[in-house]
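Peer 1: Structure here, sequence nowhere to be found:
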């Protein structure tokens, strides 16, 4: 019996530790929703749910246990109007990034707390604290364990305060029972969902990641390219760009120094590549010593970025002088949407790949610009 209990405890600790160490999965889940065309539905669902929650303080004003003085009325009004504003942001602005999503969680928690403390009867407010579970569910799906823990901690503090107020009002038994209900609703379901979803997302991410370089692999690139269509052009010259780089004479590295050294060179190349590009760019190891970057930026920055990548690779690596041939192709960003992104990017990668081989035939360690996917005219910059 003790062995079984001990094993169970170790399993729980292991799952909790793994969940705590797991990265925030906002981007992964956002990309998944976009890949399956579900972002619009989720935006409406979040907005509709937020509006419903925001209506509660206004409805409670008509109850004897609701707001009973000017301060409580003002507090309830702030909660209701603030929540409605949050809902409108979901339907009137672009899909949020991770920081905006966390700000939504924090704002929602504050507004819900204001709404429930505006009730004149503490027990009514305590019962209303179950609404926090909706935000807990959002955290479980969109974010990592740390965001959820911060949310649950806030819920526990509010719940304990309301339970104490209910007990002091003369009903300690109800304070305990309702407090337990609120804590169960806000902890068991969201936390369990967080752990299970964390395990599923981890497996999904690992299947799309190159184990050596930790960059997306070919499958990861295919699933991520739809996000390139998400970014709006910053100007009329905004383009979608694909950059293909292949290390020159890499076989000599493996032959002379061994595959272990070759792996270190590839891992360091991946690190430098990731450091040379923007956060919105998608780096990928296609296989062997070939890497790809897909992104969106003004046309005037394309050649500069390609040269920065070539120079980054050129720095000494594991005591070796490693060079790369770089091919670049681009297309007008305004003509690309999330639906057409995969086809456009595939064509660009093929064009950039041809330009990369042109660079190799010209001696390597240079950038070759493929100016049109339908022609063979190109320009080059040698290092």
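Peer 2: Ah, there it is. Note that the structure is predicted; figures quoted are calculated from it, not measured.

Peer 1: Which stretches in this structure count as strands?
Peer 2: Defined through DSSP state E, the strands belonging to the chain, from first to last, are 238-247, 282-287, 290-298, 324-332, 366-370, 378-382.

Peer 1: Residue 170 is nearest to which of those strands?
Peer 2: Distance to residue 170, taken as C-beta to C-beta, is lowest for strand 282-287 among the strands of the chain, at 61.0 Å. Glycine gets a C-beta too; all of them are placed from N, C-alpha and C.

Peer 1: Can you give me every residue that contacts the nearest residue to residue 128 once chain neighbours are set aside?
Peer 2: The shortest distance from residue 128 to any non-neighbouring residue, by C-beta to C-beta, 6 or more residues apart in numbering, is to residue 116 (4.2 Å). Going by C-beta atoms under 8 Å, 6 or more residues apart in numbering, residue 116 touches 125, 126, 128, 129, 131, 158, 162.

Peer 1: again, 6 Å this time
Peer 2: Taking C-beta atoms under 6 Å, 6 or more residues apart in numbering as the contact definition, residue 116 lies against 125, 128, 129.

Peer 1: for those, which one is nearest residue 100?
Peer 2: Distance to residue 100 across the contacts of residue 116 (C-beta to C-beta) is lowest for residue 129, with 25.1 Å.

Peer 1: gap between that closest one and residue 65?
Peer 2: Distance from residue 129 to residue 65, counting by C-beta to C-beta, to the nearest Å: 14 Å.

Peer 1: Which stretches in the chain count as helices?
Peer 2: Taking DSSP state H as the criterion, the chain contains helices spanning 2-21, 26-35, 39-60, 70-92, 98-117, 122-128, 132-142, 145-168, 172-207, 218-224, 250-257, 259-276, 302-314, 341-361.

Peer 1: on that earlier part again, now the strands of the chain in a markdown table, please, with extra columns for mean neighbour count and distance to residue 345.
Peer 2: Rendered in a markdown table, the data for those read as follows (neighbours: other C-beta atoms under 10 Å; distance: least, C-beta to C-beta, whole Å):
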| stretch | mean neighbour count | distance to residue 345 |
| --- | --- | --- |
| strand 238-247 | 25 | 6 |
| strand 282-287 | 21 | 9 |
| strand 290-298 | 23 | 6 |
| strand 324-332 | 26 | 9 |
| strand 366-370 | 25 | 14 |
| strand 378-382 | 15 | 19 |
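
Peer 1: Dump those to a markdown table, plus distance to residue 111 and mean pLDDT.
Peer 2: Converted to a markdown table, the strands of the chain look like this (distance: least, C-beta to C-beta, whole Å; pLDDT from 0 to 100):
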| stretch | distance to residue 111 | mean pLDDT |
| --- | --- | --- |
| strand 238-247 | 37 | 92 |
| strand 282-287 | 36 | 90 |
| strand 290-298 | 35 | 91 |
| strand 324-332 | 43 | 92 |
| strand 366-370 | 52 | 91 |
| strand 378-382 | 54 | 49 |
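
Peer 1: now these in JSON lines, with distance to residue 96?
Peer 2: Compiled in JSON lines, those are given as follows (distance: least, C-beta to C-beta, whole Å):
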{"stretch": "strand 238-247", "distance to residue 96": "22"}
{"stretch": "strand 282-287", "distance to residue 96": "20"}
{"stretch": "strand 290-298", "distance to residue 96": "19"}
{"stretch": "strand 324-332", "distance to residue 96": "27"}
{"stretch": "strand 366-370", "distance to residue 96": "35"}
{"stretch": "strand 378-382", "distance to residue 96": "39"}
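
Peer 1: Enumerate every residue touching residue 191.
Peer 2: Here residue 191 is in contact with no residue (C-beta under 6 Å, 6+ apart).

Peer 1: Roughly how far does it sit from residue 116?
Peer 2: Summarising the geometry, the distance separating residue 191 from residue 116, computed by C-beta to C-beta, is 21 Å.

Peer 1: same question, residue 45
Peer 2: In this view, residue 45 and residue 116 are 23 Å apart by C-beta to C-beta.
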